[in-house]
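**Student:** predicted model, plus sequence, below.
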Amino acid sequence: MTAELLYGPLTEWLRSLRPADPAPIVEIEVISLKKDWTEMTEADLGFLSIEERERLDRIETPSRKIEYWAGRRALARVRDRLTSQGVGQGSYSLSHSEIGGRLLLVAIGVGAGLGVGVDLEASSRAFTEKAAGRWTQPSEARWVSGDLGALGLWCVKEACFKAHSEGGKVQTGALVPQYEVSLVQAFDGNRDRLQGRAQWKGSTAGFDFLVLRDTATLICFALKTGSGVD
Ligand SMILES: CC(C)(COP(=O)(O)OP(=O)(O)OC[C@H]1O[C@@H](n2cnc3c(N)ncnc32)[C@H](O)[C@@H]1OP(=O)(O)O)[C@@H](O)C(=O)NCCC(=O)NCCS
């Protein structure tokens, strides 16, 4: 998965959501690296803010250190590119995953305060029926058994959660109760590229989402629509 491969489908999808409006400004960054903290030098850390540097210093696990560092790197690049296009306050999201022995990160930034979320999963990740039953609803059985699959549904829910949470306003250390996000539509007919809508029950938040898949990875982008889709 590369930024170049993601950018085309992503911009096409965003344009299709509101064909009458100017296309939203979007930037993505994909970073793939080996999890080796010992190779990092002071020069690699220069871009971090004081707060970020302090937080990094508090992290003890080398693999989490590099994950945090790479996340800030990816977000900083996305933010710089949005700023250079005149975006004052964008919406940002980040996801990381270990895939094929490497750390893969995807960061996205969208202009115009749209509320964005991204989730990245290794295609090899599998859920047992029992495990999936903890966070799916009976009405979602057709998505689990269809092209989206349990992993795709999980990926959608995680991306929607992040879009809803707007960078951490909704905090949770545990699984959000299974009824919180419900998928109302998933379509396109292409296993490697699915789009649809979801809604967050109990609030007016609705989401458009796009799922893209290649042999190793599954990625979902979600955009908060702001109004309900019931
Ligand atoms: C917070 C959460 C979304 C993180 O997802 P994850 O799969 O563990 O990790 P990812 O790599 O995809 O994303 C991690 C990044 O998400 C971002 N993030 C963390 N908390 C967040 C929140 N509340 N809202 C939005 N983004 C958040 C951070 O940038 C984080 O990276 P960082 O710690 O390096 O800065 C997840 O742990 C969670 O709590 N999910 C709850 C929702 C749920 O129950 N989903 C199941 C289906 S209903």
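**Tutor:** That came through fine.

**Student:** which ones are touching the most centrally placed residue in the chain?
**Tutor:** Nearest to the geometric centre of the chain sits residue 118, at 0.9 Å (C-alpha atoms, centre = their mean). Contacts here follow C-beta atoms under 8 Å, 6 or more residues apart in numbering; on that basis residue 118 touches 93-95, 106-108, 159, 162, 219-222. Where C-beta positions appear, they are placed from N, C-alpha and C, glycine not excepted.

**Student:** who does residue 93 form a beta bridge with?
**Tutor:** residue 108 (DSSP bridges).

**Student:** so what's the residue count around it?
**Tutor:** Per other C-beta atoms under 10 Å, the neighbour tally for residue 93 reads 24.

**Student:** surely it meets residue 162?
**Tutor:** Yes - judged on C-beta atoms under 8 Å, residue 93 makes contact with residue 162 at a distance of 5.0 Å.

**Student:** which residues do those two both contact?
**Tutor:** Where contact means C-beta under 8 Å, 6+ apart, the residues bridging residue 93 and residue 162 through contact with each are 116-118.

**Student:** related to what we said a few turns ago, what helix or strand is the residue nearest to the centre of the chain located in?
**Tutor:** Here residue 118, judged by DSSP states H and E, is contained in strand 116-122.

**Student:** how far does that strand sit from its chain's centre?
**Tutor:** Mean-position distance between strand 116-122 and its chain equals 3 Å (C-alpha atoms, centre = their mean, to the nearest Å).

**Student:** okay if I get the contacts of residue 118 as a markdown table plus pLDDT and distance to the ligand?
**Tutor:** Conversion of the contacts of residue 118 to a markdown table gives the following (pLDDT from 0 to 100; distance: C-beta to the nearest ligand atom, whole Å):
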| residue | pLDDT | distance to the ligand |
| --- | --- | --- |
| 93 | 95 | 6 |
| 94 | 96 | 4 |
| 95 | 97 | 4 |
| 106 | 97 | 9 |
| 107 | 97 | 8 |
| 108 | 96 | 11 |
| 159 | 94 | 9 |
| 162 | 91 | 4 |
| 219 | 97 | 10 |
| 220 | 97 | 10 |
| 221 | 97 | 12 |
| 222 | 95 | 11 |
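
**Student:** show me the longest helix that occurs in the chain.
**Tutor:** In the chain, assigned by DSSP state H, the helix with the most residues is helix 62-83.

**Student:** list the buried residues of it.
**Tutor:** Applying a neighbour-count criterion of 16 or more other C-beta atoms under 10 Å, one finds 65-79, 81-82 buried in helix 62-83.

**Student:** show me which of the residues you listed neighbour the ligand.
**Tutor:** Restricting these to those near the ligand by C-beta under 6 Å from any ligand atom leaves 67-68, 71.
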